[in-house]
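1. Sequence and predicted structure are below.
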Amino acid sequence: SLANRRMILLAVLSLVASLLAVGFNAPAASATAEVFDFALGTSSVSENGTSVDVDVVLDNTEGTLPAGSYTVQMTRTGGSATPGTDFTWSDPTTVTFSSASAISLPATQSVTIPIDNDSIDETNETIDFGLVNPSVGSVSGQTTHTLTITDDDGAPTLTVTSPTARSGTRILTRTLGLSY
């Protein structure tokens, strides 16, 4: 009957109106997208026994994060330098951004990498790093960092003294020296 159709139509319109009202009053999805990355893609340090800092950055579109602890792991992904011989590293290293109050962004944490000195003349060596396992958001932007360790040792030198001979003998003496 016509009365039943009107009641069904009114019920459907009421349901649609309720759904639209809920949709318009629902909380907006978070616009923040937390991102971890490196401040720079490359850096260098002299092989003289000092250390170097590599900066990791946490940022989002709102400029703050609630109080808490946010982490990402920094890993060695390759390179020609040898851990334990050319530098000291614990893989993975957890980088932590934490505060008892809101964190202003962008925030930077420095990871210190001790460089080991040696006396061997060699080519410059590299360490490649990456970021993995963020506690929030993602790793995006500058996702890798290459650290170059510049050799500070000169090439070895060879010295040869003038020959000396003893009178009346056939002995010739020459001294060779190698220094690093």
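-> Yep, it's here. Numbers count the residues shown, from 1 in each chain.

2. can you give me the helices for this protein?
-> With DSSP state H as the criterion, the chain has helices at 2-25.

3. what's the single longest strand in it?
-> Counting by DSSP state E, the longest strand found in the chain is strand 68-78.

4. Pairing partners for that one, with directions?
-> Paired neighbours of strand 68-78 in the sheet (DSSP bridges): strand 93-99 (antiparallel), strand 125-132 (antiparallel).

5. Return the set of buried residues in the shortest one.
-> Right, the one you point to is strand 93-99. 93, 95, 97 (16 or more other CB atoms under 10 Å). Every C-beta, even on glycine, is put in place using the N, C-alpha and C of the backbone.

6. Residue 60: which of those residues is nearest?
-> residue 97 (11.4 Å; CB to CB).

7. Check whether residue 96 really touches residue 109, as I assumed.
-> Yes - at 7.1 Å, residue 96 counts as touching residue 109 under the criterion of CB atoms under 8 Å.

8. Stretch 67-84: which residues count as buried?
-> The neighbour-count check on stretch 67-84 (16+ other CB under 10 Å) flags 70, 71, 72, 73, 74, 76, 79, 81 as buried.

9. Over to stretch 99-111?
-> 103, 105, 107, 109, 111.

10. ok, and what's touching that stretch?
-> With contact meaning CB atoms under 8 Å, 6 or more residues apart in numbering, stretch 99-111 is reached by 39, 53-60, 62-68, 70, 74, 93, 95-97.

11. Now with 6 Å, please.
-> 53-60, 63-65, 67, 74, 95, 97 (CB atoms under 6 Å, 6 or more residues apart in numbering).

12. ok, back up a step: let's have the buried residues of stretch 99-111 in a markdown table, adding pLDDT.
-> Formatted as a markdown table, the buried residues of stretch 99-111 follow (pLDDT from 0 to 100):
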| residue | pLDDT |
| --- | --- |
| 103 | 84 |
| 105 | 88 |
| 107 | 93 |
| 109 | 96 |
| 111 | 97 |
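
13. can you redo those residues as JSON lines with distance to residue 136?
-> JSON lines is the format used below for the buried residues of stretch 99-111 (distance: CB to CB, whole Å):
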{"residue": "103", "distance to residue 136": "11"}
{"residue": "105", "distance to residue 136": "12"}
{"residue": "107", "distance to residue 136": "13"}
{"residue": "109", "distance to residue 136": "15"}
{"residue": "111", "distance to residue 136": "19"}
